[in-house]
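> Need a 3D model of the sequence below.
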Amino acid sequence: MSLILCSSMDSRNDAFVSESDVDSSKIDKKYSVCKKSIVASIDIGTAYSGYAYSFRNDWTKVITHSWHGGEYMTQQAPTTLLLEPNGEFAEFGFKAEKKYAELAEDGKHQDHYFFRRFKLILKPKLTERVHRETVCIDETGKEFNALKLFTFCIHYLTTSLLDDIYNTIKQSVPMSDIKFVITIPAIWDDTARMFMIEASKATGIQKDQLKIVLESDAASVYCQYMYLEEDKAKTRRDFQDKMIPGYKYMVIDIGGGTTDISVHKKTIDGGLKQVIKPDGIEMGGINVDEAYWKFFCDLFGEDSMKRFKDECTEDYLDFDRKFEVQKRSGKLTTSDDLYIRIPLSLSEILDDNEGIAEAISSSKYREIISFDPKSYKLRLPFSEFENLFKDTSDQIKLFLDGLWKKPELADVDTVLLVGGFSECYIIKDMIRNEMKSRKKHLVLPEESSLAVLKGAVYMGHVSDAVSTRISSYSYGMQKWSTFVPEEQLDSKTMVDQKLFRGVFMKLINKGDEIKPEHKEKFYLDIVKTEKDFFECIIYLSHEKDPKYIDEEGVSKIGSLQIKLPNVQKGIVIKIEGEIILLDTEIKVVARELHDLNEFKATFDLLSPDCLYKNKRMKTPSKVLFGESSSQNGLDGQGVNLLAPKEGSFNDCTSPDHPTVAKKRQSPTQNEENESLLLQRELIKIQREWLDVEKERLGIERERLHIDRRRLEMEEQARRVPTLYEAKKWPQ
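This next block holds a predicted model:
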């Protein structure tokens, strides 16, 4: 995940170029459309986190920060957080690891909180979503609020970033002059997005300072504009020369926790358009780390390795870092074997050198692994080391095979490989062989591990870099239907023989093209009852064509309370509204057309109550509903939707206290009685409407008769002078 910030500094005198003045297709002129003077990105990754930034007047020159941890120097710090026993912030990154190791050596670490790779809790599930009460489990099994955890992380990185900018320009930047853009993995759901926004707000960042983009989009934008880096312009211009309108390419972003895939097409206005919804798989570098740990548990025993991790924390963390280096190193040309140094502390846990030898001899690896007691090095065949990557590699390959079957990708012939784990030579070779077999051109950008960081900076300067995206969900409302397919009757709630409830009416389809601040209108016809309020509920679904609101993968995301006017019972009240998809939230605006009142709501996806339920839906209020594309209760053919017709619906309702159930139960006797009364009153209203309609048609016929008489008289009046002049009168 990346955060982008733009900072305004009055002391810099470079002229501001407005978004309306600059076309993205003229990006070669190196104009930035950001209203601030600095754009910076902060990437909170699964395994590593860091930041980068650039100035508006030289926006393609991206500055990265280096992190130091003993003998290691990296451009990103470990995503590791240490908290005091009272829950206050202690350290982050390499400093957190060092401090925790010192505490563990003195036996004072048990009361502290120590977290690694906590970003993984935000991965989406159909049956579980993150909220304000979500907790993380630290390395010792203690729970801590996840929202506070991410708040600490964002605050530390933001503070470090501001210090770095100050050291660069010798001028402080106030928080009020900063705008953040948060980039997140493609597989995160909307609650995870809102979660990061909430964590950012807790650090003092206001909602209007935030913008959301996908990491896969940031990586794609980096690949589009990477040729602008002056020191690498010559080697990167070849890809840019292909970027003509209509050109498609795929970006594979392999990180620590996920592999994200995006496919973009160059638009005629110079921007990018998503060809398919960005997708991904929970496979990355940490899966290989887990295989590495399991290998040593099989070799030395799980209990011994657990003691090594708990009692020798500093050596364990150093052991883990060395493996990170080995993952990225190439195969030695002078040997077919790989050597791994065993920490002395692990040897002591295994008693002595004979203990290591005995553990190896009793393991399933005894035929292929040996140990040198002089150098404390373990020797294993390189092929066995490659086996640690096999499952992760196979899963990524299988996922790519499925994507290539999509017809939208038939004319994609260029693939770019980026991400921290893409620098692993085993993974890189797998992707290279896969693309070669498919006759695709593979591009390996320099510094591919910084693609998201730098691409996020570019997106801060070029705000419309990705102009069209694909909706990840279907959004809709509940409706009551007079027609349900016969094969689905058994699974749905039937009020009587003609009326069914709980049907999902789509407003936005999964897979629809979404523009920035996308809006979709809907129209409601509500029959006034004794209730003074109507609850307009919005649902989302992970499916492209959901049928009912109680299906798996459907959840309530918010509701809008609409105050109804004080009119007589039975009067139809017209309401028009729209659902608005923004970068950081979902809004609903509704206008009641009787008293011309407007109602608004911003949906909070982080409430623990906004989850999947398994409760029966209560009998809803009585509401007549027009289709989302119709206006004033009329469909495209001018048919009033208040009148029922076969094969469509005639009303939509929202429950008094809505819940989402996984399995619908039969209605109770009270519900059936209430439904009968509802249906009778509905029929009565429809009959009254028919009487009114007949009277209206009679008046219309009378009006047409009067018009015909008027036209006849006008025609006669025009002919009278002509006849008068034509007659010969006597002199």
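> could you say which helix or strand contains A291?
For A291, the host element (DSSP states H and E) is helix 285-300.
> if we look at that helix, which residues are touching it?
Helix 285-300 is contacted from outside by 46-47, 117, 120, 254-257, 305, 320, 323, 327, 346, 350, 356, 359-360, 363-365, 369, 388-389, 391-392, 395, 420-421, 424, using Cβ atoms under 8 Å, 6 or more residues apart in numbering. Any C-beta I mention is one placed from the backbone N, CA and C, and that applies to glycine too.
> could you show me where the strands are in the stretch 1-150 of the chain, in order?
Using DSSP state E, counting those that start in this stretch, the strands of the stretch 1-150 of the chain run over residues 2-7, 38-44, 48-55, 63-64, 67-69, 72-74, 77-78, 80-83, 89-92, 113-116, 135-137, 143-145.
> I meant to write the stretch 351-500 of the chain there.
Going by DSSP E, counting those that start in this stretch, the stretch 351-500 of the chain shows strands at 370-372, 377-381, 414-418, 441-443, 466-470, 474-481, 500-508.
> Make a PyMOL selection of whichever of the contacts of helix 285-300 turn out to be buried.
A single PyMOL command is used to select the members of the contacts of helix 285-300 judged buried by 16 or more other Cβ atoms under 10 Å:
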select buried, resi 46+47+117+254+255+256+257+305+320+323+327+346+350+356+359+360+365+369+388+389+392+420+421+424
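> Low-confidence regions, the stretch 301-450 of the chain specifically.
Along the stretch 301-450 of the chain, segments meeting pLDDT under 70 span 330-335, 352-354.
> Include mean neighbour count and distance to G402 when you put the strands of the stretch 351-500 of the chain into JSON lines, please.
Shown next, in JSON lines, are the strands of the stretch 351-500 of the chain (neighbours: other Cβ atoms under 10 Å; distance: least, Cβ to Cβ, whole Å):
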{"stretch": "strand 370-372", "mean neighbour count": "15", "distance to G402": "41"}
{"stretch": "strand 377-381", "mean neighbour count": "16", "distance to G402": "32"}
{"stretch": "strand 414-418", "mean neighbour count": "24", "distance to G402": "15"}
{"stretch": "strand 441-443", "mean neighbour count": "17", "distance to G402": "19"}
{"stretch": "strand 466-470", "mean neighbour count": "20", "distance to G402": "17"}
{"stretch": "strand 474-481", "mean neighbour count": "23", "distance to G402": "21"}
{"stretch": "strand 500-508", "mean neighbour count": "21", "distance to G402": "25"}
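> For Y316, which of those is the nearest?
For those, proximity to Y316 was assessed by Cβ to Cβ; strand 377-381 is nearest, at 16.0 Å.
> and that closest one, how far out from the chain's middle?
Centre-to-centre, strand 377-381 and its host chain are 43 Å apart (Cα atoms, centre = their mean, to the nearest Å).
> cool, stretch 241-257 as well?
Between the centre of stretch 241-257 and the centre of its chain there are 19 Å (Cα atoms, centre = their mean).
> Can you measure across it, start residue to end residue?
Distance between the two ends of stretch 241-257: 33 Å, counting by Cα to Cα, to the nearest Å.
> residues touching Q240, list them.
Q224, Y227.
> Would you mind measuring from it to Y225?
Separation of Q240 from Y225 (Cβ to Cβ, to the nearest Å) stands at 8 Å.
> Please apply the same query to F195.
The spacing between F195 and Y225, counted by Cβ to Cβ, is 30 Å.
> list the contacts for Y339?
Counting by Cβ under 8 Å, 6+ apart, Y339 has contacts S375, K377, L378, R379.
> Just want the phi and psi numbers for I154.
phi -60, psi -40 (degrees, to the nearest 10).
> Might one say that it is in contact with T203?
Yes - using Cβ atoms under 8 Å, I154 is in contact with T203, at 5.4 Å.
> what about the two, which has more around it?
Neighbour totals were compared for I154 and T203, and I154 leads with 24 against 18 (other Cβ atoms under 10 Å).
> residues contacting that one?
So I154 contacts L3, I42, I44, A199, S200, T203 (Cβ under 8 Å, 6+ apart).
> and R132, how many neighbours?
15.
> The closest residue to C312 other than its chain neighbours: what secondary structure?
Spatially, and ignoring its direct neighbours in sequence, C312 is nearest to S345 (3.9 Å; Cβ to Cβ, 6 or more residues apart in numbering). Three-state assignment for S345 (DSSP: H, G, I helix; E, B strand; the rest coil): helix.
> any idea how far S304 is from S345?
Distance from S345 to S304, counting by Cβ to Cβ: 11 Å.
> Ok, S471 next?
Applying Cβ to Cβ to S471 and S304 gives a distance of 51 Å.
> how about L507, what does it touch?
By Cβ under 8 Å, 6+ apart, the contact list for L507 reads Y475, G476, M477, E520, F522, I579, S628.
> Return the item of the residues you listed having minimum pLDDT.
Among the contacts of L507, S628 has the lowest pLDDT, at 35.
> Mean confidence (pLDDT) on the helix or strand containing V588, please.
Assigned by DSSP H and E, V588 belongs to strand 586-592. What strand 586-592 shows for mean pLDDT is 89.
> And stretch 105-122, by the same measure?
Here stretch 105-122 scores 84 as its mean pLDDT.
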